[in-house]
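Q: fold the following, please.
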Amino acid sequence: MRCRTATKKLKATLQGYSQWIKLNRSRKLRESMPELRRKLTGFMNYFALPDNSRGVWKVYESVVEWLYKWLNRRSQRQSYTWGGLKDMLRRYQIKPPNVRKRNITVDWYC
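A: Next comes the predicted model:
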């Protein structure tokens with residue numbers, strides 16, 4: 001038996017992140033990015049199990065895509081390229097999940 005995030009919870013989490021990014025896109029990055037980092041870290045600490053890497057990656061990739069989309073809508077000019085967005089994520093220490101190395105916080109199975 002494998003432990004994975006339930007589909008309903010995953011959809012609700014994705015919708016919650018989408019709404020949060022959309023509502024907070026006009027805030028200064030130095031205010032909103034540390035909050036986003038805390039949200040993602042909490043999600044990964046809770047849901048990062050060895051068999052759940054696909055769900056964790058899906059959330060991380062979706063958040064990055066939404067950041068790119070909504071931060072570039074703050075003005076008529078494009079604010080970020082993909083390289084610039086990756087640099088900004090590194091600056092605010094928003095790291096991708098490290099599931100390849102099995103650096104999993106929790107060590108139990110359902």
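Q: just the buried residues of stretch 21-32, please?
A: I21, R25, S32 (16 or more other Cβ atoms under 10 Å). Backbone N, C-alpha and C define where each C-beta goes, glycine included.
Q: please compute how far it lies from its chain's middle.
A: Per Cα atoms, centre = their mean, to the nearest Å, the displacement of stretch 21-32 from the mean C-alpha position of its chain is 14 Å.
Q: quick one: terminal-to-terminal distance for it?
A: Taking Cα to Cα, to the nearest Å, stretch 21-32 runs 9 Å from one end to the other.
Q: residues in contact with it?
A: E35, L36, V63, W66, L67, W70, L71, R73, R74, M88, Y92 (Cβ atoms under 8 Å, 6 or more residues apart in numbering).
Q: average model confidence for it?
A: Computed over stretch 21-32, the mean pLDDT rounds to 95.
Q: for stretch 82-97, same thing?
A: In this model, stretch 82-97 has an average pLDDT of 94.
Q: next, the buried residues of that stretch.
A: Taking 16+ other Cβ under 10 Å as the neighbour-count basis, stretch 82-97 is seen to contain the buried residues L85, M88, L89, I94, P97.
Q: before we move on, the earlier item: closest one to T81 out of the buried residues of stretch 21-32, please.
A: Distance to T81 across the buried residues of stretch 21-32 (Cβ to Cβ) is lowest for R25, with 17.2 Å.
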